[in-house]
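> here's a sequence, model it:
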Amino acid sequence: MTAEYKVHGDVAVITMNNPPVNGLGLATRVALTQGLEKANADGSVKAIVITGAGKAFSGGADIKEFGTPKAVAEPNLLSVILAMENSSKPVVAAIHSVAMGGGLELSLGCHYRIAAPGANIALPEVKLGLIPGAGGTQRLPRVLGVETALNMIVSGEPVKSELLAQQPGQKLFDKMASSAQALQEEALAFARSVADTRPLPLVRNLPCKHPQGDAYFQFARNMVKGMAKNFPAPVKCVDAVEFATRKKFDEGMTLEREIFTNLMFTPESRALRHIFMAERAASKIPDVPEDTPQREIKAVAVIGAGTMGGGISMNFLNAGIPVTILEMKQEALDRGISTIRKNYEAQIKKGKLKQDKYEQRMSLLKTTLDYQDLAQADLVIEAVFEEMGVKQKVFETLDGVMKKGAILASNTSTLDVNKIAAFTKRPQDVVGMHFFSPANVMKLLEVVRGGKTAKDVLATVMQLAKKIKKTAVVSGVCDGFIGNRMIEQYSRQAGFLLDEGATPQQVDKAIEKFGFAMGPFRMGDLAGNDIGWAIRKRRATERADMKYSRTADKLCELGRFGQKTGAGWYDYQAGKRDAIPSKLVEDMIAAHRKELGIEPRKISDEEIVQRLVYALVNEGAHILEEGIASRASDIDMVYLTGYGFPIHRGGPMLYADQVGLFNVMQAMKRFQQNPRDDAKFWEPAPLIKRLVAEGKTFNG
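Alright, predicted model coming up:
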């Protein structure tokens, strides 16, 4: 059973027990209603206490049941709450640790609430593109006042129980327990003290008004619209709370349910729910069991004090793990350390970091010019120049000095991790840890699994990623792994669009309007156009069949590498990041078209978006088919956390599902007819053809 029933003298205690957060799955809901019936039928029971075992009162809906018939099966949460309200004996919620979403709504259906200090109280449904759906928008304003309740509902952020208990006039908690340990005893005593009180108080009967009604809700709507432009749920939260102040309780409940159900079917809510599940799925590796033993990581070494090496080091320092950075020259070390200091000092200025924390982090950092000083590190990450010969030297040296069982990781963004592992006599200890720049800010970590990488190495790195607050996604070995292999196709399309008649700013504006943080040309200028140039030169020898627009090479031949040189696809003014359209670049592109005998045509924003995004989708499908990524949602996580793909669209693979794979395939066939494009690339991946034929989607 997922809820236990025990009688303590004249009080029945129903304890939800559905780890990890006592999710309100069907079995738990059934057990709660059965417990209520039992207590009401027992003449010796005077009052009922409902609480949660372990580390939560209840975290709300059971995510394992999302989207299944069990999620809405009776008794649903509304029915459970109704049964509590109708109980002939007082029901007391004993809240501790976590009461969120449906868990908080459940407690609001009880007659009384006692809370332990330190409990996190929240209605976070808005983060899934929804509004609370079991009375949260109707009951919370009645116990906390309209403004406090609306702030909590619109933000979805947790607030500590003791802070809410201090709100003047609050009726959320009837009593605060002296401590979490004392909660059970004090809840029993409180239940006994109200055992004979009649009529039993109901939150639904409390008044709900705002003195400046119309003006306040108009102000709230304007604020929320400005902050949540791509998401419908926050504005709907305002509507639902307004109904609480204007309608009878039951009518407000009906309207809340209607809004909740409609939001369930919006693409934005589907995207947010997909991301929520995808993040959890990404940490699971199909053939690496959850109980795989892990290696202990107490000290980390980083090779290279450049931008990447410094950023990588900061992640570990922030997590309290000592780091030793190695460089070839003292000046390089000094430069690297001063950049780390500057980054931390900027955080102090913004009030994001306290001085003592900064000093504590810097005290964990050591530097060296000698590989021997790294010998005892549990993990070493190489962040040197992206060239196989350089990597070879590093890994051969590490193989000679590192202790047995140390994990040897490469931060390579495109190179073959199997080749790198073969430079050592311990390929089982070698793994790719591809951080994204700036490494101390970007959430994504691509964990590249070599052919011989040991399972305990993978399990350790995935766990470590959580510790340093990264979203880790496992990739197999191929050129560019998941993210960079796909972005190459996106960038190739951007180049072809220039050849055919678009300008860099038209392409960037179209994709930014779609929701990307930055278009391909602004992104190139930020990262450095010389990086792509080096890859294309390597491609010319390795994959001569790969077709590119020559515009990017011509740009680099002019020395326009981007922001770092003050000029790229755009012009930049010293000290500013604003991208200013460049006459020189436009003339270069026009001359290039002339050379090729291309008559420029007018290109629609819709075509720009489709060619860029569907290029990601088609390459993503190949990656899935080859087993480089184990699930479509992993590819979405890479693009959402590493490449600025719009959150409200849920990633390229989910976006393709929402557009309809049949429609995506039709568009690809149209692009195949374009003589200036790469017809071979636009042949839909076999996986897409198969899914269309079977009427399925990537994220089934």
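> now the helix or strand of the chain with the lowest mean pLDDT: buried residues?
Ranked by mean pLDDT, DSSP states H and E, the weakest helix or strand in the chain is helix 529-542, scoring a mean of 78. Of the residues in helix 529-542, 529, 530, 531, 532, 533, 535, 536, 538 count as buried by neighbour count, 16 or more other C-beta atoms under 10 Å. C-beta coordinates here come from the backbone N, C-alpha and C atoms, glycine included.
> got it, and stretch 259-276?
For stretch 259-276, the neighbour count (16+ other C-beta under 10 Å) marks 259-260, 263, 266-275 as buried.
> JSON lines for the buried residues of helix 529-542, including distance to residue 173?
Listed next are the buried residues of helix 529-542 as JSON lines, based on distance: C-beta to C-beta, whole Å:
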{"residue": "529", "distance to residue 173": "59"}
{"residue": "530", "distance to residue 173": "60"}
{"residue": "531", "distance to residue 173": "56"}
{"residue": "532", "distance to residue 173": "58"}
{"residue": "533", "distance to residue 173": "63"}
{"residue": "535", "distance to residue 173": "59"}
{"residue": "536", "distance to residue 173": "64"}
{"residue": "538", "distance to residue 173": "64"}
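> what is the nearest of the residues you listed to residue 655?
Using C-beta to C-beta, the shortest approach to residue 655 within the buried residues of helix 529-542 belongs to residue 532, at 24.5 Å.
> distance check, that closest one against residue 80.
When distances are taken as C-beta to C-beta, to the nearest Å, residue 532 and residue 80 turn out to be 57 Å apart.
> residues in contact with residue 114?
With contacts taken as C-beta atoms under 8 Å, 6 or more residues apart in numbering, residue 114 has the following neighbours: 92-95, 173-177, 183, 186-187, 190.
> now it, what's its secondary structure?
Applying DSSP: H, G, I helix; E, B strand; the rest coil to residue 114 yields a three-state assignment of strand.
> number of residues surrounding residue 1?
Other residues near residue 1 come to 12 when the count uses other C-beta atoms under 10 Å.
> which pLDDT does the model give it?
Residue 1 carries a pLDDT score of 73 in this model.
> follow-up on the earlier one: pLDDT on the helix or strand just after the least confident helix or strand of the chain, on average?
Past helix 529-542, heading to the C-terminal end, the next element that is a helix or strand (DSSP states H and E) is helix 551-557. Taken as a whole, helix 551-557 has an average pLDDT of 92.
> which strands and helices sit next to the least confident helix or strand of the chain?
helix 551-557 (3 or more C-beta pairs under 8 Å, 6 or more residues apart in numbering; DSSP states H and E).
> same for the helix it packs on, what does it pack against?
In terms of contacts (3+ C-beta pairs under 8 Å, 6+ apart), helix 551-557 is packed against helix 483-500, helix 529-542, helix 583-596.
> quick one: those as JSON lines, columns for distance to residue 70 too.
Compiled in JSON lines, the helices and strands packed on helix 551-557 are given as follows (distance: least, C-beta to C-beta, whole Å):
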{"stretch": "helix 483-500", "distance to residue 70": "36"}
{"stretch": "helix 529-542", "distance to residue 70": "49"}
{"stretch": "helix 583-596", "distance to residue 70": "57"}
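> related to what we said a few turns ago, so what's the gap between the least confident helix or strand of the chain and the chain middle?
Centre-to-centre, helix 529-542 and its host chain are 31 Å apart (C-alpha atoms, centre = their mean, to the nearest Å).
> now do it against helix 483-500, angle only.
Regarding helix 529-542 and helix 483-500, their directions subtend 90 degrees when assessed with axes from the mean of the first three to the mean of the last three C-alpha atoms, to 10 degrees.
> ok, so of the buried residues of helix 529-542, who is nearest residue 165?
With C-beta to C-beta as the yardstick, the closest approach to residue 165 among those comes from residue 531, at 54.5 Å.
> list just the nearest of the buried residues of helix 529-542 to residue 586.
Proximity of those to residue 586 was ranked by C-beta to C-beta; the top entry is residue 529 with 16.4 Å.
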